[in-house]
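1. Sequence first, then the predicted structure:
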Amino acid sequence: MKLYVVLSLCLSFIGTGCASTNGRAGSSSYELNQDVANDAGRAQLVVVLLIDQLGSWVLKRYLPYLPKNGAFHYARRRGRVAYLHAGTFTAPGHAATFTGAPPAHSGVIANLVWNRRTHSLQNVVNQHQHPWLSDPKRFSSPKVLMVPTVGDALFAASGGRSQIVSLSFKDYAAVLAGGRNANLVLWFDSNKVHPEFTTSDYYMNELPQWLVTWQEQHPAKDYLDIWQVQDPTLAQTVNGPDDAPSEDSWDGFGRTFPHDPKNAQNPYEALIATPRGVDYLLDLALASIENLELGVDKAADFLAISISSPDVISHHFGAESWEYFELLRYIDMRLMVFIKELEKRGPVAFMLTSDHGIAPTPEKQTEDDRKGRINPRALQGRLERGLDAALGERDWIAAFQPPYIYFNDDVRQGGLRDRAAKTVLRILEKDPSIEQVFDVRKIYGSRDENSLIEYAVALSIPEHTDADIYVLPKYGRVFNDAEGAVGSNHGTPWDYDRDVPVVMWGPGIWSIHTTERMDQRRVPATMAEMLHIPAPWYVQKPPLEGAR
């Protein structure tokens, strides 16, 4: 009999629990079936399936329409996890999931950060060291991480005998899930000429021969298939018309079905967003399991798989689109095939979760006072003009990468920084699309647990950061980086961004359903318990109920 633990949580760094950041308190219940503990051995392989951008509200919307024989119904029930930090982006979300630490303590504040040495935005795992094996001009490593991951804890506990593998299309997802001591960390280089999964010389100097052979036998071009809608009647019933004004043609990919990635400006970037992209990643995962013999010996192994496809789709089409619905249905069934294949190999335990949610598409929201888009470039221009008028003409802002504003170096070093910050706060506090704005130097380290928004923002800011201002949009409003009204976005402490599902099942796990509010650090503690090792040193909380 398959056994599951399904948890409905508000993951909090506050020991007493938390309420919803939008002011709505959550109910609490607890149910434990004592007679269904699985004592049929320990899992020799623990697999974390992280779906990049799967909000609890999204899964609730679609769960009735997902196949009954798919992965989500296989896991029986839906739970909920909520990150308390405000920086609900892919990189901080992965760091928090696998370390238990919010951005203030992990050092990972966003996907892209301003580099004051190069005067440019850069990938958060780009430390200008450790070039990619496929491209010596690009760099990735876990050196930004200030705390250990579950994989690092496993490496220490096993004396290096356990294998730690992390796979994703995104480098920062794979790197931050794998940590500093992973055996294999792979991400996708979508170069048009030589697209392939790669890594950096932080992990190895050359790809293993089995991977070279596998990629020769499974070239990315073989996955560039036309994406057809499987059930247009159902998609129409659930989400309305396929062609919506909030959707993006995405450089030739097209606004409506069918979608042919070969027509896109970069076919291999488009591939990531398709069902065949999911196949490509999971085929690689199976090849990794077989060639590395994961779960075979007595030392438990750890595999993290981050499926980037939903995040890409939601940014271009929104979560209420035909594309997102069709993709989620495909992932549901494809994961079921993957899970069954792994269960044939021996004792394996699974956790299925996400790194962040997504805001409802503004044009599809029903409350007019909540919907809207904010153009960061237009807002930056307005701030520059306001700063010029108040303090004199100069280039004040180096970058606005929502939610962070970075002042230019001469502003920070010339004694103007505090005056500039006060001016920006004064301008934005009058903006009807902005909920709150913070000077990061003043909000850092705040522990005002009575102000959950302020506390969430404080947890998003490390002590030494190059950011100057944090900008929080109103509930339901999104920063729109692209031209026109396109898709949706995330990155706030609002419930739709921070509430994500978590489900786990396998040997030794009790069947539980709870809506009790719990601490976020218990998730990596639970992964550690599934591996039968001590949790990473940062985590001082017990595992979730059902995994002990």
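-> Sure thing, it's come through. Numbering: from 1, shown residues only.
2. Only C-alpha atoms from now on, for both contacts and neighbour counts.
-> Noted.
3. And the strands in the stretch 51-200 of the chain?
-> For the stretch 51-200 of the chain, the strands defined by DSSP state E, counting those that start in this stretch cover 81-82, 112-115, 120-123, 164-168, 184-189, 196-198.
4. Pipe these into a markdown table and attach mean neighbour count per row.
-> Compiled in a markdown table, the strands of the stretch 51-200 of the chain are given as follows (neighbours: other Cα atoms under 10 Å):
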| stretch | mean neighbour count |
| --- | --- |
| strand 81-82 | 31 |
| strand 112-115 | 20 |
| strand 120-123 | 16 |
| strand 164-168 | 27 |
| strand 184-189 | 23 |
| strand 196-198 | 23 |
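5. among those, which gets the worst mean confidence?
-> Among the strands of the stretch 51-200 of the chain, strand 81-82 has the lowest mean pLDDT, at a mean of 65.
6. Please identify the helix or strand for Leu328.
-> helix 322-343 (DSSP states H and E).
7. sorry, that was for Pro310
-> Using DSSP H and E, Pro310 falls within helix 309-317.
8. Distance of the residue of the chain positioned farthest from its centre relative to Glu326?
-> The centre of the chain is farthest from one residue, Gly392, which by Cα atoms, centre = their mean lies 40.6 Å away. In this structure, Gly392 and Glu326 are 53 Å apart, going by Cα to Cα, to the nearest Å.
9. Do you have the helices of the stretch 1-150 of the chain handy? List them.
-> In the stretch 1-150 of the chain, the helices defined using DSSP state H, counting those that start in this stretch lie at 56-62, 71-74, 90-99, 103-106, 150-158.
10. Including distance to Asn181 and mean pLDDT, could those go into a markdown table?
-> Listed next are the helices of the stretch 1-150 of the chain as a markdown table, based on distance: least, Cα to Cα, whole Å; pLDDT from 0 to 100:
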| stretch | distance to Asn181 | mean pLDDT |
| --- | --- | --- |
| helix 56-62 | 32 | 94 |
| helix 71-74 | 30 | 87 |
| helix 90-99 | 13 | 96 |
| helix 103-106 | 16 | 95 |
| helix 150-158 | 6 | 97 |
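11. between those, which one is nearest to Leu121?
-> Between Leu121 and the helices of the stretch 1-150 of the chain, the tightest spacing by Cα to Cα is seen for helix 90-99, at 14.8 Å.
12. which residues sit in contact with Pro92?
-> 102-103, 108-111 (Cα atoms under 8 Å, 6 or more residues apart in numbering).
13. show me where the stretch 251-400 of the chain has helices.
-> Along the stretch 251-400 of the chain, the stretches classed as helices by DSSP H, counting those that start in this stretch are 267-272, 275-292, 309-317, 322-343, 376-391.
14. To Pro245, which of these lies closest?
-> helix 309-317 (9.5 Å).
15. helices and strands around that closest one, which ones?
-> If you count contacts as 3 or more Cα pairs under 8 Å, 6 or more residues apart in numbering; DSSP states H and E, helix 309-317 packs onto helix 322-343.
16. Quick check: buried residues in the helix it packs on?
-> Going by neighbour count (16 or more other Cα atoms under 10 Å), the buried part of helix 322-343 is 322-336, 338-339, 342.
17. before we move on, the earlier item: what would the strands of the stretch 51-200 of the chain look like in TSV with distance to Leu224?
-> Below are those laid out as TSV (distance: least, Cα to Cα, whole Å):
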stretch	distance to Leu224
strand 81-82	34
strand 112-115	28
strand 120-123	27
strand 164-168	18
strand 184-189	15
strand 196-198	13
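18. Tell me which of those lies nearest to Leu452.
-> Among those, the nearest to Leu452 by Cα to Cα is strand 81-82 (12.8 Å).
19. that older thread, pick the most buried one from the helices of the stretch 1-150 of the chain.
-> The highest average neighbour count among the helices of the stretch 1-150 of the chain, using mean count of other Cα atoms under 10 Å, belongs to helix 90-99 at a mean of 29.
20. Which pLDDT does the model give Leu11?
-> Per-residue pLDDT puts Leu11 at 35.
21. Hmm, I typed the wrong one, I wanted Leu271.
-> 98.
22. Could you pull up the contacting residues of the closest residue in space to it that isn't next to it in sequence?
-> Spatially, and ignoring its direct neighbours in sequence, Leu271 is nearest to Gly277 (5.3 Å; Cα to Cα, 6 or more residues apart in numbering). Going by Cα under 8 Å, 6+ apart, Gly277 touches 223, 271, 309.
23. model confidence over stretch 486-501, on average?
-> The average pLDDT for stretch 486-501 rounds to 93.
24. separation between the residue nearest to Ser134 when sequence neighbours are not counted and Met204?
-> Computed as Cα to Cα, 6+ apart, the closest residue to Ser134 that is not its neighbour in sequence is Thr198, at 6.2 Å. Taking Cα to Cα as the measure, Thr198 falls 10 Å from Met204.
25. What of Leu428?
-> Using Cα to Cα, one obtains 47 Å as the distance from Leu428 to Met204.
26. More neighbours: the two, which one.
-> Between Leu428 and Met204, counted using other Cα atoms under 10 Å, Leu428 has the larger neighbour count: 20 against 15.
27. Need phi/psi at that one.
-> Geometry field for Leu428 lists phi and psi as phi -70, psi -30, criterion degrees, to the nearest 10.
28. Give the full set of residues in contact with it.
-> 434, 436-437.
29. just Trp132 next, same as before
-> The contact partners of Trp132, taken as Cα under 8 Å, 6+ apart, are 138-140, 198-201.
30. Just grab the bridge partners of it for me.
-> Bridge pairing for Trp132 (DSSP bridges) gives the partners Ser200.
31. Relative to Trp187, how far out is the residue lying closest to Tyr223 once chain neighbours are set aside?
-> Excluding the flanking residues, the one nearest Tyr223 by Cα to Cα, 6+ apart is Arg276, at 5.6 Å. As for Arg276, its distance to Trp187 is 16 Å (criterion: Cα to Cα).
32. likewise Trp510?
-> Remark: distance between Trp510 and Trp187 (Cα to Cα) = 34 Å.
33. With Lys137 instead?
-> Distance, Lys137 to Trp187, using Cα to Cα: 16 Å.
34. same thing with Asp468?
-> From Asp468 to Trp187 the distance is 31 Å (Cα to Cα).
35. And for Pro148?
-> For Pro148, the distance to Trp187 - Cα to Cα - is 20 Å.
36. re the thing from before, ok, now which ones touch the residue farthest from the centre of the chain?
-> Residues near Gly392 by Cα under 8 Å, 6+ apart: none.
37. gap between Leu154 and Ala421?
-> From Leu154 over to Ala421 the distance is 44 Å, taken as Cα to Cα.
38. Equivalent analysis for Tyr62, please.
-> Distance, Tyr62 to Ala421, by Cα to Cα: 43 Å.
39. same question, Gly386
-> 12 Å.
40. and what of Tyr223?
-> Tyr223 is 49 Å from Ala421, by Cα to Cα.
41. and what of Leu284?
-> Separation of Leu284 from Ala421 (Cα to Cα) stands at 48 Å.
42. Next: Lys344.
-> In this view, Lys344 and Ala421 are 59 Å apart by Cα to Cα.
43. neighbour-wise, which of these two wins?
-> Using other Cα under 10 Å, the more surrounded residue of Lys344 and Ala421 is Ala421, with 19 against 9.
44. Now do the contacts for the more buried one.
-> 439, 468-469.
45. Could you rerun that using 6 Å?
-> Neighbouring residues of Ala421 by Cα atoms under 6 Å, 6 or more residues apart in numbering: there are none.
46. helix/strand/coil for it?
-> With DSSP: H, G, I helix; E, B strand; the rest coil as the basis, Ala421 sits in helix.
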